[in-house]
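Trainee: only the shape, not the letters, is given here:
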């Protein structure tokens, strides 16, 4: 059958029978590239040794009794849900130079020292470059094999020969297969190569880690289906000028999503940070307006973060709104609630919100703290540094309950906080961890407690 020719968007994977200047799906310019696909794929790896699949009763299927493999890096194991699952396919994305290759080489060295066979496939660096990085991290003494190859049909025989316990692909965009007549890194090549690796992983029970490039928008390059094919998707977050890195699970079939691991980059690699809350609060100023601490849940772990706010009169025709580390639309909503329900006017003020330490707080439990920070800065009234604030705020100014409040209270108590302002509990009581708990039902109640003597109408 004649090969099929089409044009594929290299940004989102959309297809068109003819070239288009702008993709109708993702609106990217000049992203369509001609690709030729064979009508019938050949040589595809088959699961279950080539046997035909048959339906099986659920009760007759034996459960997976294989234990997870621990990498020796506790923060990395936490993000994976407790360790590496045999037969899993994991995709790791992040900006260039953020530490993707470094963390995977550290994992490979640790597991090889523990007696595992590791195959590290590098399509971007030479063996000498990989060796140089390994010497900086700590040269392994186990069976860690380095293979510099990008052709899938050449890689599979090496997998059969070595029979590794874990495979690392650095990076998935460099591999290609003869199944698809297009250049390496194209949407079709990435999709086909990942499909073959998925078959190898599931058939042989080998965990495979794929390192992926990201686009200018921060998403993993290639078709979105790539994230649906793998079992786990991890993202490295962090600023280049900041030594701290956050590894976040945005998809995980074997553990909780949004779990994070915190690392610090130094000259010998990535070091895990065992107490992120203490790290993020280490340089917190005291007796200064516009600074407050809240507790955010990241996966199963509560993390205390400092929220800084600055509200100052604007000299521009339109006041500026600059938000780092949280949703800017959410902050605009909270400003509107402040003006309507409390009577404090911020329309003519430049407002800046920053989550210290490079954290990203997306859950609404930080609403009450953001409002308190804005009031503190606008009125130049410091908040007691031993007080923590948490709670979701509704449009009518009510403070709504938040999940896992007892875990947040416990974490705050460990770090020495004495007072906590939180939503009023409908049934039962919060577990008091040696803290003074103040339950509020409206934003006004919270403001009256934090800023004594100031009530609605007196702002």
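Mentor: Now that the structure is in, tell me what you want to look at. This structure is a prediction, so every number in the text was calculated from the model and none was measured.
Trainee: quick check: domain ranges of the chain?
Mentor: Using automatic domain parsing, the domains assigned to the chain come out as 1-38, 70-274, 279-450.
Trainee: helix/strand/coil for residue 311?
Mentor: Classification of residue 311 by DSSP: H, G, I helix; E, B strand; the rest coil places it in strand.
Trainee: and it, how many neighbours?
Mentor: 25 (other CB atoms under 10 Å). In this view, the C-beta of every residue, glycine as well, is placed from N, C-alpha and C.
Trainee: residue 444 versus that one, what's the distance?
Mentor: Relative to residue 444, residue 311 is positioned 19 Å away (CB to CB, to the nearest Å).
Trainee: picking up where we left off before, select, out of the domains of the chain, the one closest to residue 57.
Mentor: domain 70-274 (20.8 Å; CB to CB).
Trainee: give me the phi and psi for the residue lying closest to residue 174 once chain neighbours are set aside.
Mentor: Distances taken as CB to CB, 6 or more residues apart in numbering place residue 123 nearest to residue 174, at 3.0 Å, with adjacent residues excluded. In terms of degrees, to the nearest 10, the main-chain angles of residue 123 are phi -100, psi 0.
Trainee: touching, residue 123 and residue 168? I think so.
Mentor: No - counting by CB atoms under 8 Å, residue 123 stays clear of residue 168, with 11.1 Å between them.
Trainee: let me see the mean pLDDT of the longest helix anywhere in the chain.
Mentor: Using DSSP state H to define each element, the chain has its longest helix at helix 187-204. The average pLDDT for helix 187-204 rounds to 90.
Trainee: so what does the following helix or strand past that helix touch, helix or strand wise?
Mentor: The helix or strand immediately downstream of helix 187-204 is strand 208-212, counting by DSSP states H and E. Counting contacts by 3 or more CB pairs under 8 Å, 6 or more residues apart in numbering; DSSP states H and E, strand 208-212 packs against strand 89-93, helix 100-113, strand 166-170, helix 187-204.
Trainee: tell me which of the ones you listed sits nearest to residue 15.
Mentor: Judging those by CB to CB, what sits closest to residue 15 is helix 187-204, at 8.7 Å.
Trainee: so for residue 123 and residue 168, which sits in the more crowded spot?
Mentor: Neighbours per residue (other CB under 10 Å) separate residue 123 from residue 168, with residue 168 holding more: 25 against 21.
Trainee: any stretches of this protein with poor pLDDT?
Mentor: 1-3, 37-53, 63-66, 139, 215-224, 240-241, 427, 453-459 (pLDDT under 70).
Trainee: same thing but 50
Mentor: Residue ranges of the chain with pLDDT under 50: 39-40, 43-50.
Trainee: all helices for it, in order.
Mentor: 74-80, 100-113, 127-137, 152-162, 187-204, 225-229, 276-280, 328-337, 367-379, 405-414, 443-450.
Trainee: okay if I get these as a markdown table plus mean neighbour count?
Mentor: Output for the helices of the chain, formatted as a markdown table (neighbours: other CB atoms under 10 Å):
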| stretch | mean neighbour count |
| --- | --- |
| helix 74-80 | 22 |
| helix 100-113 | 23 |
| helix 127-137 | 14 |
| helix 152-162 | 14 |
| helix 187-204 | 21 |
| helix 225-229 | 15 |
| helix 276-280 | 19 |
| helix 328-337 | 16 |
| helix 367-379 | 25 |
| helix 405-414 | 19 |
| helix 443-450 | 20 |
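Trainee: now render those helices as TSV, adding distance to residue 61.
Mentor: Output for the helices of the chain, formatted as TSV (distance: least, CB to CB, whole Å):
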stretch	distance to residue 61
helix 74-80	24
helix 100-113	29
helix 127-137	41
helix 152-162	27
helix 187-204	15
helix 225-229	22
helix 276-280	40
helix 328-337	44
helix 367-379	45
helix 405-414	35
helix 443-450	53
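Trainee: quick one, which of the helices and strands packed on strand 208-212 is nearest to residue 213?
Mentor: strand 89-93 (7.5 Å).
Trainee: so which elements touch that closest one?
Mentor: helix 100-113, helix 187-204, strand 208-212, helix 225-229, strand 232-237.
Trainee: 10 Å instead, please
Mentor: The contact analysis (3 or more CB pairs under 10 Å, 6 or more residues apart in numbering; DSSP states H and E) places strand 89-93 against helix 100-113, strand 166-170, helix 187-204, strand 208-212, helix 225-229, strand 232-237, strand 244-252.
Trainee: between the third one and strand 208-212, how big is the angle?
Mentor: Using axes from the mean of the first three to the mean of the last three CA atoms, to 10 degrees, one finds that helix 187-204 and strand 208-212 are set 160 degrees apart in direction.
Trainee: let's have the chain start at 39 instead
Mentor: I'll keep to 39 as the first residue from here, and by that count the last item is helix 225-242.
Trainee: by how many degrees do helix 225-242 and strand 127-131 diverge?
Mentor: For helix 225-242 against strand 127-131, the angle by the same axes, to 10 degrees is 140 degrees.
Trainee: helix 225-242 vs strand 204-208, what angle?
Mentor: Using the same axes, to 10 degrees: helix 225-242 against strand 204-208 is 170 degrees.
Trainee: which other helices and strands does helix 225-242 contact?
Mentor: strand 42-47, strand 70-75, strand 127-131, helix 190-200, strand 204-208, strand 218-219, strand 246-250, helix 263-267.
Trainee: the inter-axis angle of that helix versus helix 190-200?
Mentor: Using the same axes, to 10 degrees: helix 225-242 against helix 190-200 is 20 degrees.
Trainee: distance from helix 225-242 to the middle of the chain?
Mentor: 23 Å (CA atoms, centre = their mean, to the nearest Å).
Trainee: and if you look at the second one?
Mentor: The gap between the average C-alpha position of strand 204-208 and the chain average comes to 20 Å, counting by CA atoms, centre = their mean.
Trainee: so what's the nearest residue to residue 422 once chain neighbours are set aside bridging to?
Mentor: Among residues not flanking residue 422 along the chain, residue 457 sits closest, at 6.7 Å (CB to CB, 6+ apart). As for beta bridges, residue 457 partners with residue 425, residue 474 under DSSP bridges.
Trainee: distance of residue 457 from residue 390?
Mentor: Counting by CB to CB - residue 457 and residue 390 are separated by 26 Å.
Trainee: also residue 172?
Mentor: Residue 172 sits 43 Å away from residue 390, going by CB to CB.
Trainee: rewinding a little: out of the domains of the chain, the one nearest residue 92 is which?
Mentor: domain 108-312 (16.5 Å).
Trainee: okay, buried residues for stretch 416-424 please.
Mentor: Residues of stretch 416-424 classed as buried: 416, 420-421, 423 (neighbour count, 16 or more other CB atoms under 10 Å).
Trainee: ok so, going back, overlap in contacts of residue 161 and residue 206?
Mentor: Residues touching both residue 161 and residue 206 (CB atoms under 10 Å, 6 or more residues apart in numbering): residue 249.
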